[in-house]
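Q: Dropping the sequence and predicted coords here.
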Amino acid sequence: MTNPAPGWYADPFGRHEARYYNGSDWTEHVSSHGRPGMDPPGRGSHVPTVQRAPEQVRHDVQRAVQAGVATYQGGGTVFNEPILVVNQKAKFIEVSNEYAIYDQNARQIAAVREVGQSGLKKAARILTSFDQYMTHKLQIVDMHGTPLLVLTRPAKVIKSRVIVQDPAGNEVGAIVQQNMIGKIRFGLEAGGQLLGSINGENWRAWNFSIRDHTNTEIARITKTWEGLAKTMFTTADNYVVQIHRPVQGPLQALVVAAAVSVDTALKQDSRGFG
């Protein structure tokens, strides 16, 4: 952001949900889950990275991208690249969600970090499965750590809902689970209108078709595998997102949000979407 007005924004340092900007500097006033706090700014902005060889990223792209589907010239950001490779940081115990986002040439262009977690929530993730019912908040950030989008999955009972906001907290749209039985389906909504959908293509929902309001496929999410040993013993998930044509407005943000929230916000782990 360039000279934003005074107000609360997504914490650019990634330690809290929001931090107050006084018009010239970030202040020590912070907030997470509606609870105010004090934390001096600084110490750098955390940008998750994943140790992944460029040839591995390119191999994922080759396996996942549909043959015969033309791609367009990318612009170097998550909002205008035709292919995004989303790689989770491999952990034996997943306490927080962290992802790196690459372009098709294996250059990291963005990241995803979870923010605002309490000690209780971290303990729940380690010791129980109850965390899947808690609120989760994620930031999509550029390589400087500047928030681009904020994704919030409120505490759920049955179906998931992900609210997509800009860094100032303005709602862009939402990703809303539409069914509980059969192939999973989510609606992409903005301003009270259904702009498109995310459609799981099998009962485990590893692959997804993203469609616009005319039911035309505009993007595809394909899960890639790290090998049986790594899949069994770590929580890492990796996805290739192929965006067939440039999209604009709220749908653009929702497609990007869908690309990273398939695992981080909608499917917290192998326990599933319910």
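A: Perfect, thanks for sending it. Bear in mind the structure is a predicted one, so any value in this text is a computation, not a measurement.
Q: all helices of this structure, in order?
A: Assigned by DSSP state H, the helices in the chain fall at 54-64, 119-127, 228-233, 249-261.
Q: now do the same end-to-end measure for stretch 224-243.
A: Using C-alpha to C-alpha, to the nearest Å, the end-to-end distance of stretch 224-243 comes to 16 Å.
Q: ok, what's across the strand from G187?
A: Legend: beta-bridge partners of G187 under DSSP bridges are V176, S197.
Q: Worst mean pLDDT among the helices of the chain?
A: Lowest mean pLDDT within these: helix 228-233, a mean of 38.
Q: my read: S32 touches E17, true?
A: Yes. If you go by C-beta atoms under 8 Å, S32 and E17 touch, sitting 4.6 Å apart. The C-beta positions use only the backbone N, C-alpha and C, and glycine is treated the same way.
Q: shared neighbours of the two, which are they?
A: V115, G116 (C-beta atoms under 8 Å, 6 or more residues apart in numbering).
Q: Between those two, which has more neighbouring residues?
A: More crowded of S32 and E17, by other C-beta atoms under 10 Å: E17, with 22 against 18.
Q: where in the stretch 151-274 of the chain is pLDDT low?
A: 156-158, 203-205, 225-236, 263-274 (pLDDT under 70).
Q: all strands of it, in order?
A: For the stretch 151-274 of the chain, the strands defined by DSSP state E, counting those that start in this stretch cover 161-165, 171-177, 185-190, 193-200, 208-212, 217-224, 238-243.
Q: ok and the fifth one relative to helix 249-261, angle-wise?
A: To tie it back to what came earlier, the one meant is strand 208-212. Computed by axes from the mean of the first three to the mean of the last three C-alpha atoms, to 10 degrees, the angle separating strand 208-212 from helix 249-261 equals 170 degrees.
Q: which of the residues in strand 208-212 are buried?
A: F208, I210, R211, D212 (16 or more other C-beta atoms under 10 Å).
Q: Bridging across strands, which residues link to the third one?
A: So the one you mean is R211. S197, E217.
Q: Could you report the neighbour count for E98?
A: By the measure other C-beta under 10 Å, the count of residues near E98 is 22.
Q: nope, G191 is what I was after
A: G191: 9 neighbours (other C-beta under 10 Å).
Q: Next: S197.
A: Residues near S197, counting by other C-beta under 10 Å: 21.
Q: Now do the contacts for it.
A: The contact partners of S197, by C-beta under 8 Å, 6+ apart, come to Q178, R185, F186, G187, L188, I210, R211, N215.
Q: could you flag which of those residues are buried?
A: F186, G187, L188, I210, R211.
Q: And the nearest residue to the first one once chain neighbours are set aside, how close does it get to A258?
A: In other words, F186. Leaving aside its chain neighbours, F186 sits nearest to I198 (4.2 Å; criterion: C-beta to C-beta, 6 or more residues apart in numbering). I198 sits 5 Å away from A258, going by C-beta to C-beta, to the nearest Å.
Q: P6 against W26, yeah?
A: No. With contacts counted by C-beta under 8 Å, P6 stays clear of W26, the gap being 11.1 Å.
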